[in-house]
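In: Sharing a model prediction with you, sequence too.
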Amino acid sequence: MLRALSRLTAQAALALSALLALTVAASSEAMAAPATDAVLFTLPDRPAILPKLTCPDLVKPVSQQAEDIVYRVRSAKIEPATESAPAFCLVKAYSAPQTEFELRLPMTGYAGRFLQGGCGGMCGVIGREITPRCSNAHADAGSFAVTFSNGGHHSAGIGDGTWAVGAPELREQFAHKAAHAVAVASKALIAQFYGAPPAWSYFVGCSGGGREALMEVQRYPEDFDGVVAGSSVAMPAAMQLFLWEAQQGLYPDGREIFTADAVKLLHASVIKACDGLDGIGDGQIDDPRRCRYDPAKLACQKSDRPSARCLNSDQVAAARAYYRGPTDDHGNALFPGGAPYGGELGWIGRGSPTQTGKFAAQSFLQYLLLQGELPADFTWRDWTFTRESLQRLMKGGEPYDAGNPDLSAFRAAGGKLLLWQGMADNAAGAYGMLDYYQAVRDAAGGLKAAREFARMFLVPGGYHCSGGYVPYEQDFLGAIVLWVEEGLPAETLIASARLDGRTLRQRPIYAYPTVARYRGGDVNVPHSFEPADPTREPQDGFDWPGSRAKDRPLRSPLAAGAIDIDQQKP
């Protein structure tokens, strides 16, 4: 009831009537100019709500209960104001059995907004920032009460699954219970501190946090008014992707097959071959599904010595396998695609797919998905890629799977969802989110119906949650706030990036399936682009066993085809 009433105030109606005359794309006045390169939306101005209690008053000598969640406040202390942020009351608390969370309550400027940030990987530690990082300017400015949690358990880091051994309740907390418990407990503390529950509640997460976000939408549709979910794919099946790339990208002694020179050469060649497919040569591939490039073109000849000018046979084979993605011996896809063209520079080094496969995926399989089913001496090298092995993963991973496309309860509650995906994602691939959004569209009754409450943005050149060969940042939090509070659907965002740390590029990105079409001028300026809609609705269901899409015409990223937009001339 509070949610509905908050949206029907005279103030909101007046603001909506004024703002409907604007579009985010055309009006620079709808944007705030932050100190960083990022272009942030200006959030609606709300009256500040002052605390009703002192910060230490939140500490009680006993546990408290909200709904069916039991929680305990351990400490509540003032965090002094800084040059960029007001003073906060920092509350450290936990809910049963061991879901720790930290809630920051602004001492001034609170505007009735609650923001919960997701964790990453297998969680276990408490974060402090959301992604894209530019939106933290909103989170830290004082209008939001902000909370982060450890996802239901303690661990050595987000790639550690030891906590799950012999702990079915902790596994269930990680699966979905913890995020809900933190939402309930945090809102109860907000109500105590300010005298009323938050008027608007938001969740922002990427990767593992994106999975949390979708779990909230699917299982607890009343928890949040607006949700941002980035790079969230079928988590159980994603373990196959990580293991596939580890097996394909590492020699038996653990050395990486790819070198820095190899990925630089391959990336430059891919960009040269596919950059212009969107009608403009700008050093980025907007839709890697259009790209057709065979790494064998770079194969060293017998007379060549190893150099930065060619790929050896192992590198050619590994690159082909990366692009293809996990398949069985008959060529059938076991995951929605493989590595997107353009993400090659992220194939090596810290956080690369090979490292993820070696450590996090093996831990997830052994301790969460298939606990007790694998030999004691099992290693990531032992996994085989068959339809049967995928079915084992999906069965064992049912508690963690956030792939349910039926979001009707969230839609009925008035919720709004923003999905986003980096199109050079070097960890989870770029095609799973498209496959999921197709399933959401199918369940909702088509693209038009889905766009009323769920929209997706594709970020060209973006890696997994942050960074990229074009390291764009865009303000998804601001976009979801305007959609929820002012009824302005998310249509256009301005993505900002520094190219080689120097040249500023700003590019509009539009709600899918609309794309940015070059109309002339400086390629680094947003006004050089305009929105272009497809001539027919794209079908993005991917032909793999885990897809929930009704039609699955896409078999691999090589055969995915282009979105049917009139060809643009460079």
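Out: Yep, that arrived.

In: Output the longest helix belonging to the chain.
Out: For the chain, the longest helix by residue count, based on DSSP state H, is helix 178-194.

In: Flag every buried residue along that helix.
Out: Going by neighbour count (16 or more other Cβ atoms under 10 Å), the buried part of helix 178-194 is 178-190, 192-194. Quick note: C-beta positions are derived from backbone N, CA and C, even for glycine.

In: cool, stretch 432-441 as well?
Out: Residues 432-441 are the ones in stretch 432-441 that count as buried (16+ other Cβ under 10 Å).

In: export the longest helix of the chain as CSV, just CAs?
Out: Coordinates of each C-alpha in helix 178-194 appear next as CSV, following Å, rounded to 0.1, in the frame of the first residue of the first chain:
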residue,chain,number,x,y,z
ALA,A,178,20.1,-14.0,2.6
ALA,A,179,19.3,-11.2,0.2
HIS,A,180,15.6,-11.3,1.3
ALA,A,181,16.5,-11.4,5.0
VAL,A,182,18.8,-8.4,4.6
ALA,A,183,16.1,-6.4,2.8
VAL,A,184,13.6,-7.1,5.5
ALA,A,185,15.9,-6.4,8.4
SER,A,186,17.3,-3.2,6.7
LYS,A,187,13.9,-1.8,6.1
ALA,A,188,12.9,-2.4,9.7
LEU,A,189,16.0,-0.5,10.9
ILE,A,190,15.3,2.3,8.5
ALA,A,191,11.7,2.5,9.9
GLN,A,192,13.1,2.7,13.4
PHE,A,193,15.7,5.4,12.6
TYR,A,194,13.6,7.7,10.4
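
In: middle-most residue in this structure, spatially?
Out: Gly230 (1.5 Å; Cα atoms, centre = their mean).

In: Give me the below-cutoff pLDDT ranges for the chain.
Out: 1-36, 303-307, 351, 355-358, 555-570 (pLDDT under 70).

In: The residue nearest to the centre of the chain reaches Trp420, doesn't it?
Out: Yes. The pair formed by Gly230 and Trp420 meets the contact definition of Cβ atoms under 8 Å, at 4.8 Å.

In: between those two, what contacts are shared?
Out: Taking Cβ atoms under 8 Å, 6 or more residues apart in numbering as the contact rule, Gly230 and Trp420 both touch Phe476.

In: tell me, how many neighbours does the closest residue in space to Ala511 that isn't next to it in sequence end up with?
Out: With sequence-adjacent residues excluded and distances taken as Cβ to Cβ, 6 or more residues apart in numbering, Ala511 is closest to Arg455, at 4.4 Å. Counted by other Cβ atoms under 10 Å, the residues lying close to Arg455 total 22.

In: Now for Arg455: which residues touch it?
Out: 417-419, 489-490, 511-512.

In: same check, this time on Arg211
Out: Here Arg211 is in contact with 118, 205, 229, 232, 235, 400, 402 (Cβ under 8 Å, 6+ apart).

In: mind running it again at 7 Å?
Out: Going by Cβ atoms under 7 Å, 6 or more residues apart in numbering, Arg211 touches 232, 235, 402.

In: Out of those residues, who's the most crowded?
Out: Tallying neighbours with other Cβ under 10 Å puts Ser232 at the head of the contacts of Arg211, with 28 neighbours.

In: how much space is there between that one and Cys123?
Out: Note on Ser232: its distance to Cys123, by Cβ to Cβ, to the nearest Å, is 14 Å.

In: Could you do Tyr400 as well?
Out: Counting by Cβ to Cβ - Tyr400 and Cys123 are separated by 11 Å.

In: Which one's more surrounded, these two?
Out: Cys123 (28 against 21).

In: residues touching the more buried one, list them.
Out: So Cys123 contacts 150-152, 158, 174, 208 (Cβ under 7 Å, 6+ apart).

In: Try it again at 6 Å.
Out: Neighbour list for Cys123: 150-151 [criterion: Cβ atoms under 6 Å, 6 or more residues apart in numbering].

In: Helix or strand for it, just tell me which one.
Out: Element membership for Cys123 (DSSP states H and E) is empty, with no helix or strand holding it.

In: same check, this time on Val70
Out: strand 69-79.

In: quick one: buried residues of that strand?
Out: For strand 69-79, burial by neighbour count (16+ other Cβ under 10 Å) applies to 69, 71, 73, 76.

In: Stretch 234-252 too?
Out: 234-250.

In: any idea how far the nearest residue to Ala424 once chain neighbours are set aside lies from Gly468?
Out: Excluding the flanking residues, the one nearest Ala424 by Cβ to Cβ, 6+ apart is Gly343, at 3.8 Å. According to Cβ to Cβ, Gly343 and Gly468 sit 8 Å apart.

In: For these two, list the residues in contact with both.
Out: Ala424.

In: Please say which of these two ends up with more neighbours.
Out: Legend: neighbour count by other Cβ under 10 Å for Gly343 and Gly468, higher for Gly343 (30 against 25).

In: can you give me the angle whatever helix or strand comes next after the longest helix of the chain makes with helix 178-194?
Out: Downstream of helix 178-194, the first helix or strand assigned by DSSP H and E is strand 200-206. For strand 200-206 against helix 178-194, the angle by axes from the mean of the first three to the mean of the last three Cα atoms, to 10 degrees is 140 degrees.

In: Within the sheet, what are the partner strands of strand 200-206, with directions?
Out: Within its sheet, and counting by DSSP bridges, strand 200-206 is paired with strand 113-117 (parallel), strand 226-230 (parallel).

In: need these in CSV with distance to Leu369, can you?
Out: Compiled in CSV, the strands paired with strand 200-206 are given as follows (distance: least, Cβ to Cβ, whole Å):
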stretch, distance to Leu369
strand 113-117, 25
strand 226-230, 22
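
In: for these, which one ends up most surrounded?
Out: strand 226-230 (a mean of 29; mean count of other Cβ atoms under 10 Å).

In: List of residues touching the helix or strand following that strand?
Out: Going down the chain from strand 226-230, the next helix or strand is helix 235-249, by DSSP H and E. The contact list for helix 235-249 (Cβ under 6 Å, 6+ apart) reads 211, 257, 318, 321, 326, 334-335, 353-354, 356-358, 361, 364-365, 369, 380, 383, 393-394, 397, 400-401, 428, 546.

In: Narrow the residues you listed to those in helices?
Out: 211, 318, 321, 353-354, 356, 364, 393-394.

In: Quick check: the closest residue to Pro295 other than its chain neighbours vs Ala299, distance?
Out: The shortest distance from Pro295 to any non-neighbouring residue, by Cβ to Cβ, 6+ apart, is to Ala319 (3.9 Å). In this view, Ala319 and Ala299 are 10 Å apart by Cβ to Cβ.

In: Comparing these two, which residue is more hemmed in?
Out: The neighbour comparison of Ala319 against Ala299 (other Cβ under 10 Å) goes to Ala319, with 27 against 15.

In: doesn't Ala296 make contact with that one?
Out: No. In this structure, Ala319 is not within contact of Ala296 by Cβ atoms under 6 Å, at 8.9 Å.

In: where do the helices sit along the stretch 51-200 of the chain?
Out: 136-139, 168-172, 178-194 (DSSP state H, counting those that start in this stretch).

In: With distance to Tyr472 as extra columns, can I get these in CSV?
Out: As requested, those are exported to CSV (distance: least, Cβ to Cβ, whole Å):
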stretch, distance to Tyr472
helix 136-139, 16
helix 168-172, 35
helix 178-194, 27
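
In: Figure out which of the ones you listed is closest to Leu374.
Out: The minimum distance between Leu374 and the helices of the stretch 51-200 of the chain falls on helix 168-172, with 15.9 Å, by Cβ to Cβ.
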